[in-house]
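In: can you look at this prediction? I've put the sequence above it.
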Amino acid sequence: MDKRDFLKRVAIGTGAMFFSKFAGADAYISTARSLLKGRVLKAGDTIGLIAPAGAVEDEESITMAKEVFTYFGFSVKEGKNIRARYGNLAGTDEQRLEDLHRMFADESVQAIVCIRGGNGASRLLSRIDYDLIARNPKILLGYSDVTALLLAFYTKVGLVSFHGVVGISTWSNYVAQLFKDQFFDNKLACFENPKKSDTQIIQYKDRIQTITPGIVEGTIIGGNLTLLAGLCGTPYLPDFTDKILFVEEIDEKSDRLDRMFCQLMNAGVLSKIKGFIFGKCTNCGPSGGYGALTVEQMLNDYIKPLGIPAYSGAMIGHISDQFLMPIGVLARVDASVGKIEYLEKSLL
């Protein structure tokens, strides 16, 4: 080790100790893992609205998305190409990439929300200016196909982003409160499925199923199962060593679900994780023919043998009242009761 390297390492170590002592554990953790975080929002801030994947189907979708953010007291800046269309995509790759880059570079924009998922975000990954993202860390919110961006940004630059509602989602009071808690108050999120009503003797709706009981702490990352499997073998797939993985899916047949779980197993993803959460599999079903594996059977085949804390049924995915999941920060999961507690602030 030469003198320059030695002094550099000393400076990094000293900086970490400084943050630990004067800025708290969150700052120390972020420094040690080189995480990038956006800033807490306030009324009057500007939200950038983009469509990095599927085409926006009608003008009303844009109008309603803008009404949602006006409700929170924000100004809204539309992506230049938000109404563009190229086949099923929201414009060409160049147009969608232009909007993404413009929003991150624009100093007047404090957060970026994807108006919808769909398909096509993965087409952008090899052409994104990751240095630009790293120089301008901001809140990025979306789910479904947007998973490709969330995981790529975490992998390439350590950006903490958010898996949750998009612009055209149904913004219930429940979701609105989660949004306020996270982005206005920077609270440590704690998620559990709603409990049964007073008129019921047992839980009938939104039940969780423990696969393997136990409590685990670690960095939590995840998203849509199809997108996650599609990143295997690419430089945009995160290192899953000692991570807690969550996944969700929609409109997939059993044979395709099984193929994707098998892909994660064969790619070495499942053998590395220390905890697992399966969200909702909306409109998933059998493939026909001679029968099909159930989701429960697949989880028993691929997840239960891992012997790690794991459960299914979390309110993550293509549903109205979904959890708003920060990606890349520390959390504690109790698989016995279906509880997710974040241990690290997700914003500055």
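Out: Received it, and whenever you're ready, just let me know what you need.
In: okay but Gly54 is in contact with Gly118, surely?
Out: Yes. Using CB atoms under 8 Å, Gly54 is in contact with Gly118, at 1.7 Å. Where C-beta positions appear, they are placed from N, C-alpha and C, glycine not excepted.
In: which residues in the stretch 151-300 of the chain form strands?
Out: Applying DSSP state E, counting those that start in this stretch to the stretch 151-300 of the chain gives strands spanning 161-163, 190-192, 209-212, 215-224, 244-250, 275-282.
In: okay, those strands in TSV with mean neighbour count next?
Out: As requested, the strands of the stretch 151-300 of the chain are exported to TSV (neighbours: other CB atoms under 10 Å):
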stretch	mean neighbour count
strand 161-163	28
strand 190-192	16
strand 209-212	17
strand 215-224	22
strand 244-250	24
strand 275-282	24
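In: in CSV, list those along with distance to Arg85 and mean pLDDT.
Out: Formatted as CSV, those follow (distance: least, CB to CB, whole Å; pLDDT from 0 to 100):
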stretch, distance to Arg85, mean pLDDT
strand 161-163, 26, 98
strand 190-192, 36, 98
strand 209-212, 41, 98
strand 215-224, 23, 98
strand 244-250, 23, 98
strand 275-282, 26, 98
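In: between those, which gets nearest to Ile82?
Out: strand 161-163 (19.6 Å; CB to CB).
In: other SSEs contacting that closest one?
Out: strand 139-142, helix 147-157, strand 325-327 (3 or more CB pairs under 8 Å, 6 or more residues apart in numbering; DSSP states H and E).
In: tell me how far that strand lies from the chain's centre.
Out: Remark: strand 161-163 is offset 4 Å from the chain centroid, using CA atoms, centre = their mean, to the nearest Å.
In: now stretch 328-336
Out: Computed by CA atoms, centre = their mean, the chain-centroid distance of stretch 328-336 equals 14 Å.
In: before we move on, what about stretch 159-178?
Out: 11 Å.
In: so for that stretch, what gets flagged as buried?
Out: 159-169, 171, 175, 178 (16 or more other CB atoms under 10 Å).
In: nearest to Met64 among those residues?
Out: Comparing the buried residues of stretch 159-178 against Met64 with CB to CB places Ile168 closest, at 7.0 Å.
In: may I have stretch 202-220 as CSV, with CA atoms only?
Out: Taking Å, rounded to 0.1, in the frame of the first residue of the first chain, the C-alpha atoms of stretch 202-220 are listed here in CSV:
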residue,chain,number,x,y,z
ILE,A,202,-60.5,-15.0,12.7
GLN,A,203,-58.6,-13.3,10.0
TYR,A,204,-60.2,-13.9,6.6
LYS,A,205,-58.7,-11.2,4.3
ASP,A,206,-55.0,-10.3,3.7
ARG,A,207,-53.7,-13.3,5.7
ILE,A,208,-50.0,-14.1,5.9
GLN,A,209,-48.6,-17.6,5.8
THR,A,210,-45.4,-18.3,7.6
ILE,A,211,-43.0,-20.4,5.5
THR,A,212,-40.2,-20.6,8.1
PRO,A,213,-40.6,-18.7,11.4
GLY,A,214,-37.9,-16.5,12.8
ILE,A,215,-36.6,-12.9,13.0
VAL,A,216,-33.9,-11.6,10.6
GLU,A,217,-32.2,-8.2,10.2
GLY,A,218,-30.5,-7.1,7.0
THR,A,219,-30.6,-4.9,3.9
ILE,A,220,-33.9,-5.3,2.2
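In: quick one on the thing from earlier: what about the helices and strands packed on strand 161-163, which gets the closest to Cys262?
Out: helix 147-157 (19.0 Å).
In: would you mind getting the angle between that closest one and strand 215-224?
Out: 120 degrees (axes from the mean of the first three to the mean of the last three CA atoms, to 10 degrees).
In: quick one: contacts for the residue lying closest to Tyr130 once chain neighbours are set aside?
Out: Spatial nearest neighbour of Tyr130, chain neighbours left out: Lys156 (4.5 Å); criterion: CB to CB, 6 or more residues apart in numbering. Lys156 makes contact with 128, 130, 133, 235-236 under the criterion CB atoms under 8 Å, 6 or more residues apart in numbering.
In: which of those count as buried?
Out: Buried among these (16+ other CB under 10 Å): 128, 133, 236.
In: just give the nearest non-adjacent residue to the last one, would you?
Out: By that I understand Tyr236. In this structure, Tyr236 finds its nearest non-sequential neighbour in Ala152, 4.0 Å apart by CB to CB, 6+ apart.
In: count of residues packed around the one you found?
Out: 26 (other CB atoms under 10 Å).
In: that one and Leu125 touch, don't they?
Out: Yes. Shown here, Ala152 and Leu125 form a contact pair, counting by CB under 8 Å, at 5.1 Å.
In: what sits in contact with each of those two?
Out: Tyr236.
In: will you turn the strands of the stretch 151-300 of the chain into JSON lines that also has distance to Thr70?
Out: JSON lines is the format used below for these (distance: least, CB to CB, whole Å):
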{"stretch": "strand 161-163", "distance to Thr70": "20"}
{"stretch": "strand 190-192", "distance to Thr70": "27"}
{"stretch": "strand 209-212", "distance to Thr70": "40"}
{"stretch": "strand 215-224", "distance to Thr70": "28"}
{"stretch": "strand 244-250", "distance to Thr70": "29"}
{"stretch": "strand 275-282", "distance to Thr70": "29"}
